[in-house]
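*Asks:* below is the sequence, then the predicted model.
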Amino acid sequence: MQVTNKDRVFNHIPPAMIALVLAFWAFGPKALLENPWTLAVTSPLIVIIVLILEQVHERHAGWRMNRREFFTDLFYVVLSATVIAWLTKTLADDPLAAAKASLGITTQWAKQMPWLAQVALVIVLIEFGQYWMHRLMHNWTPFWLTHAPHHHITQLNAAKGAVGNPIELFLISLSVVALFDLEPTAIFAALNTLGVISVFAHANVRSDPPRWYSFFFTTIRHHSLHHSTDYESTRCNYGNSLILLDRILGTYREGESVVVGQGDRKRLSIREQTMFPFQPMIDAYKARRDKARSASEATAA
Ligand SMILES: [Zn+2]
Ligand SMILES: [Zn+2]
C-alpha cells in the first residue's frame, strides 16, 4: 500500500507524544508537577487524544468504536483508575514501602541518578515484571483464566488495554517500584510514557512508528498479532510496552492481525468477564447438582 504524507505524520505521533510527556514532567510548571491530581488527568487524557486520532486516521473499519464498546471500555477505564489503583496501592505498594522502611533498606543511589535514567529504570522495572506475569498467564491455566477475557475482545481501540477481568487487572499492575527511592516526577513520566506506548499498541490508528521505535517499544502490529484468534499465535509478544524484552527473551514474533478474539470470537459482557475465572467451577458444580437431582428423581419414580 502506498504511504501517504498523512501516514508519515501519523507514524511519528507515538514518539512525538513520548517526547511531549517527558518534556512536560521534566520542565512543566512546578505547581502542576507537585499536584497529586495531575497524573489522574494526564493518564486519561492520553487515552482521549488517541481515541480522537482513531477518528482522524482509522486502521481497520472492523475495529470502529460503537456505543456498546464505548460504555464497556469506559467502565474498565474508570475501574482501573479507581478500584484497581486503590487495591494496588493498599495491598502491594504501601506494604512494600513499609517493609522496605522497617528493614532499613535505602536506595538513595537511585535518586542520585540522572532524571532520564530514573525514568528508564522505572520503565524497565515495571515492564520486566509485567512481561513475566503476562507470560505466566499464557502458560498456566489458573492465570490464563484471569487473562482470557482480555483476549475475548473482538476489536481493538485506545481504551482496550484497560479491559479485562479485575483479578488480571490487579495482577498486571503489580511492580517493585516502591522499593526504590526515586523522584516522583520520574515515576509519573515513566507511567505516562508506558501509557502512550500501550494505548497506541491497542489503538485503531493507522500509525506504524519508525523502526528505531518498534525495535524497543510495542506497536499495534506486535500487539494485534498477540490478540490473534488462534491460541498458539497469542503466545508471543508479551511485552506490554517494551517489545525489546521479547526480542531478548526469545518470544518475539513478526506479523500483524486484523481479525482478533479468542473463543470463536465470542464477545463477553462485563458480568461474563468478571465471572470467567470461576466459570469452570460453577459449571462443574451445576453439572454435579443436576446429576444428583436426576438420580433422586429416578429413584422417586
Ligand atoms: Zn495476552
Ligand atoms: Zn491487549
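*Replies:* Structure's in. What do you need? Ligands and ions are numbered 1, 2, ... in the order given.
*Asks:* okay, and for the stretch 51-200 of the chain, where does confidence drop off?
*Replies:* Residues of the stretch 51-200 of the chain that meet the criterion pLDDT under 70 are absent altogether.
*Asks:* what segments of it are helices?
*Replies:* Using DSSP state H, counting those that start in this stretch, the helices of the stretch 51-200 of the chain run over residues 67-79, 85-88, 94-102, 108-112, 115-137, 141-151, 166-172, 184-202.
*Asks:* okay, these, which one's buried deepest?
*Replies:* The highest mean neighbour count among these belongs to helix 184-202 (a mean of 24), with neighbours defined as mean count of other Cβ atoms under 10 Å. Glycine gets a C-beta too; all of them are placed from N, C-alpha and C.
*Asks:* and it, what other elements does it pack with?
*Replies:* helix 13-27, helix 38-56, helix 115-137, helix 220-226 (3 or more Cβ pairs under 8 Å, 6 or more residues apart in numbering; DSSP states H and E).
*Asks:* could you check the angle helix 141-151 makes with that helix?
*Replies:* 70 degrees (axes from the mean of the first three to the mean of the last three Cα atoms, to 10 degrees).
*Asks:* any idea of the angle helix 184-202 forms with helix 13-27?
*Replies:* With the same axes, to 10 degrees as the criterion, the two stretches helix 184-202 and helix 13-27 enclose an angle of 170 degrees.
*Asks:* what's the angle from helix 184-202 to helix 38-56?
*Replies:* Going by the same axes, to 10 degrees, helix 184-202 makes 20 degrees with helix 38-56.
*Asks:* let's see helix 184-202 as CSV, backbone CA atoms only.
*Replies:* Extracted as CSV, the C-alpha positions of helix 184-202 are listed here (Å, rounded to 0.1, in the frame of the first residue of the first chain):
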residue,chain,number,x,y,z
PRO,A,184,8.1,11.3,41.9
THR,A,185,8.2,13.2,38.5
ALA,A,186,10.4,10.4,37.1
ILE,A,187,7.9,7.8,38.2
PHE,A,188,5.0,9.8,36.7
ALA,A,189,6.9,10.4,33.5
ALA,A,190,7.5,6.6,33.2
LEU,A,191,3.9,5.8,33.9
ASN,A,192,2.7,8.3,31.2
THR,A,193,5.3,7.0,28.7
LEU,A,194,4.2,3.4,29.3
GLY,A,195,0.6,4.8,28.9
VAL,A,196,1.4,6.3,25.5
ILE,A,197,3.1,3.2,24.2
SER,A,198,0.4,0.7,25.5
VAL,A,199,-2.5,2.9,24.4
PHE,A,200,-1.1,3.1,20.9
ALA,A,201,-0.4,-0.7,21.0
HIS,A,202,-4.2,-1.3,21.3
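*Asks:* many thanks, we can stop here.
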